[in-house]
Every structure is written in C-alpha cells, then in structure tokens.
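Peer 1: generate coordinates for the sequence data below:
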Amino acid sequence: MSDDLNQASHDPASHAYTIGEGMEVTLHFTLKLEDETVVDSTKDKDPATFEFGDGNLPPGFEHPLKGLAAGAHERFTIPPEHAFGQHNEQNIQFLKREDFGDQEPEEGLMLSFADKAGTELPGVVKEIEGERVEVDFNHPLAGRTLTFEVEVINVRPATTH
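Peer 2: Presented below is the predicted three-dimensional model:
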C-alpha cells in the first residue's frame, strides 16, 4: 500500500488527492502587487507546507486552491477584501514622541506595540511632526489587490500528531 501512495506523490500522471479539508499541501507561491512587484515568494527557498483550513493562509488565498491537485500551476487575483482588508483610517493613530521611550521614532520604522489586552500590534511610523508621531496600524498590504501564483507540489492526507 505504501508503494501505491509513494507512486501517487511522485508520478505526475497520477494525482490521487485534491486540495480540501484534512489535506496537507506543499506548494511554491509568489505574491505580487498590482505592478508585478514581488512581495513574497518561496521560489528560491523550500516550498511552503500547511494543512488546508489551519489558518496559516487568509481564506481569500486558501479558497481558490480548493480542488487543485499536485502539478497544478495557477494564478489568482485576490481583491483587498479577500486578502488583508481595506485600508482603514481608524487604524492610524497619533502618539507622543515620549510614548517610544528610549527608541527614537523614524519614518518608515516598523515597531511592535502592545494594546490594552497585551496583544502585539505591528505599526509603521508614517510621519513625525515635533512631538506628534503618526503610526499606521493597517497591514502593509491593506487596500492592495494582489496576484497569488501557485505551483502545487504535493497534496496528501494530513497526519495528526
């Protein structure tokens, strides 16, 4: 039996499994902005492996993968509402320079802040005017339409540990 499973994962003519619930997926991906600028890619690294539905991928990236099998090469356009959300003006906060303690804020600097519940929130310093520092807590890709290119390498039943 194990020879059959091995055969299925290595023989491109035999794609026994498709991506769906309970499946472990190994793939290469490239994420691009509207202008084709590459934001992230596994092309020159090890492929990504995850269990479908485990929360590692936002639903807008995971949903188009459903039903694909090993060997598939696909390209999807993901609108902001299915990627990292729309840019939200309410996520821009104005802090005092003294809120940064010993660290001198610089425009473009990404920092991690803790909210009242102790949750870490990444923020990017957008502008500094005197003692007032503008920090954007939106995801850096919020409001962007993204292109998600995938090359599915393997699909197999996930093993529980």
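
Peer 1: excluding chain neighbours, what is closest to the residue positioned nearest the centre of the chain?
Peer 2: In the chain, the centroid-proximal residue (CA atoms, centre = their mean) is residue 57; its distance is 5.7 Å. Closest residue to residue 57 in three dimensions, ignoring its sequence neighbours and counting by CB to CB, 6 or more residues apart in numbering: residue 50, at 6.6 Å. Any C-beta I mention is one placed from the backbone N, CA and C, and that applies to glycine too.

Peer 1: how far away is that neighbour from residue 27?
Peer 2: Using CB to CB, to the nearest Å, one obtains 9 Å as the distance from residue 50 to residue 27.

Peer 1: what helix or strand is the residue lying closest to residue 120 once chain neighbours are set aside on?
Peer 2: Once flanking residues are discounted, residue 120 sits nearest to residue 112: 5.1 Å by CB to CB, 6+ apart. Element membership for residue 112 (DSSP states H and E) is strand 110-114.

Peer 1: that strand: partners in the sheet, and parallel or antiparallel?
Peer 2: strand 120-129 (antiparallel) (DSSP bridges).

Peer 1: contacts for the partner strand?
Peer 2: Contacts to strand 120-129, defined as CB atoms under 8 Å, 6 or more residues apart in numbering, come from residues 92-93, 97, 105-115, 133-137, 140.

Peer 1: selection in ChimeraX covering whichever of those residues are buried, please.
Peer 2: A single ChimeraX command selects the buried members of the contacts of strand 120-129 (16 or more other CB atoms under 10 Å):
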select :92,105,109,133,134,135,136,137
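
Peer 1: related to what we said a few turns ago, assign the residue nearest to the centre of the chain to helix, strand or coil.
Peer 2: Three-state assignment for residue 57 (DSSP: H, G, I helix; E, B strand; the rest coil): coil.

Peer 1: the one 3 residues further on now?
Peer 2: Here residue 60 takes the helix state, with states given by three-state DSSP.

Peer 1: let's have the chain start at 460 instead
Peer 2: Sure thing, new numbering starts at 460, so read that last one as residue 519.

Peer 1: how near is it to residue 534?
Peer 2: Shown here: residue 519 relative to residue 534, a distance of 15 Å by CB to CB.

Peer 1: ok, those two, which is more surrounded?
Peer 2: Of the pair residue 519 and residue 534, residue 519 is the one with more neighbours under other CB atoms under 10 Å, namely 18 against 11.
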